[in-house]
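Student: Fold the stuff below for me.
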Amino acid sequence: MSTPTGGPGDQPNPYGQPSPYGQPSGQPSGQPSGQPSGPYGAPPTQTGGGYGGGYGASYPGGTSGEQPQSKGMAIAALVLAFIPCGLTNLVSLVLAIVVLVKKKGGKGLAIAAIIVDIIVMGVVAALVAGGFWLFGNVVTVDNAEVGQCVSTDTSDSDEVALLKQDCSEPHDAEVVVTGKLTAAEITVYSTDPGKICSDRYAEAGKDVNDVAGDTVQLLTMDLSPEAGDAFLCLVENADGSKLDAK
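Tutor: Sure, this is the predicted structure:
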């Protein structure tokens, strides 16, 4: 029996028979040349930009760390909002607005921070405005001026609060003398403080009979003043009625 040939140089075909369906000799049937084999003879599936399962696919919308970062900014904004300081509240507002613009999380905290900022800044602004108003309207023995009209609060027998009033309207009292107590005046302060006021008023070339009120009150910062301490004298009506506008 002769041996089938067909290889180069009449070498025996290693497969023992011609390749089926016209496949070249030496190539296993059913598999294209050069293609790697997948499971069950099928080529590997390509997903997500590489071979294998879909776990390598990227998520749309940015990295997963952006939402925690945004929430952290919102928490910081809310904490800073409770600090009553203009600069701190401005920083809080900026952080809260950035969180809302990003829309990545922490929206509720950011809105709460903005509300707290508005309330805190409103309270601070009111306190500052009130402080400026008091600074400009409170009359003391150190800043009083002769001729000023004032309202008096004598609810406390030892203290008198004075606020500026418009002299063109009826007012509680009027400043007629200001100055500093001398050593000689200290000797009569405890017995007749009104004499100090009338003497000083007369020394200024004024007639004590021309004062608008019927009583005089001397005020100092200390109930036991010393020489050199500031004082002022008020004229008012003993019955508490208003002095006439002037």
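Student: quick one: contacts for the residue most central in space within the chain?
Tutor: Most central in the chain under C-alpha atoms, centre = their mean is N89, positioned 1.5 Å from the mean C-alpha point. Contact analysis of N89 by C-beta atoms under 8 Å, 6 or more residues apart in numbering lists L80, A81, I83, D117, V120, M121, V124. C-beta here means a position set from N, CA and C on the backbone, and glycine is covered the same way.
Student: how close does G72 get to A113?
Tutor: 13 Å (C-beta to C-beta, to the nearest Å).
Student: Then P68?
Tutor: P68 is 17 Å from A113, where distance means C-beta to C-beta.
Student: neighbour count winner among those two?
Tutor: Counting neighbours by other C-beta atoms under 10 Å for P68 and for A113 shows that A113 has the greater number, 29 against 12.
Student: from what I can see the more buried one touches A96, true?
Tutor: Yes. Using C-beta atoms under 8 Å, A113 is in contact with A96, at 4.3 Å.
Student: what is in contact with those two at once?
Tutor: Counting by C-beta under 8 Å, 6+ apart, the shared contacts of A113 and A96 are A74, A77, L78, A81.
Student: out of those, which one sits closest to S241?
Tutor: Minimum distance to S241 across those is 50.9 Å, recorded for A81 (C-beta to C-beta).
Student: Test for you: state the pLDDT assigned to the closest one.
Tutor: A81 carries a pLDDT value of 92.
Student: and what of G6?
Tutor: pLDDT, G6: 49.
Student: just how off-centre is the longest helix along the chain within its chain?
Tutor: Longest helix in the chain, counting residues (DSSP state H): helix 107-137. In terms of C-alpha atoms, centre = their mean, to the nearest Å, the centre of helix 107-137 is found 8 Å from the chain centre.
Student: what's that helix packed up against?
Tutor: Helix 107-137 makes packing contacts with helix 66-81, helix 86-102, strand 161-165 when contacts are defined by 3 or more C-beta pairs under 8 Å, 6 or more residues apart in numbering; DSSP states H and E.
Student: returning to what we had before: I only care about the shared contacts of A113 and A96 that end up buried; give me the PyMOL line for that.
Tutor: Here is the PyMOL command that picks out the buried ones among the shared contacts of A113 and A96, judged by 16 or more other C-beta atoms under 10 Å:
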select buried, resi 74+77+78+81
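Student: Looking at the shared contacts of A113 and A96, which is nearest C167?
Tutor: So of these, ranked by how close each gets to C167 (C-beta to C-beta), first place is A81, at 45.6 Å.
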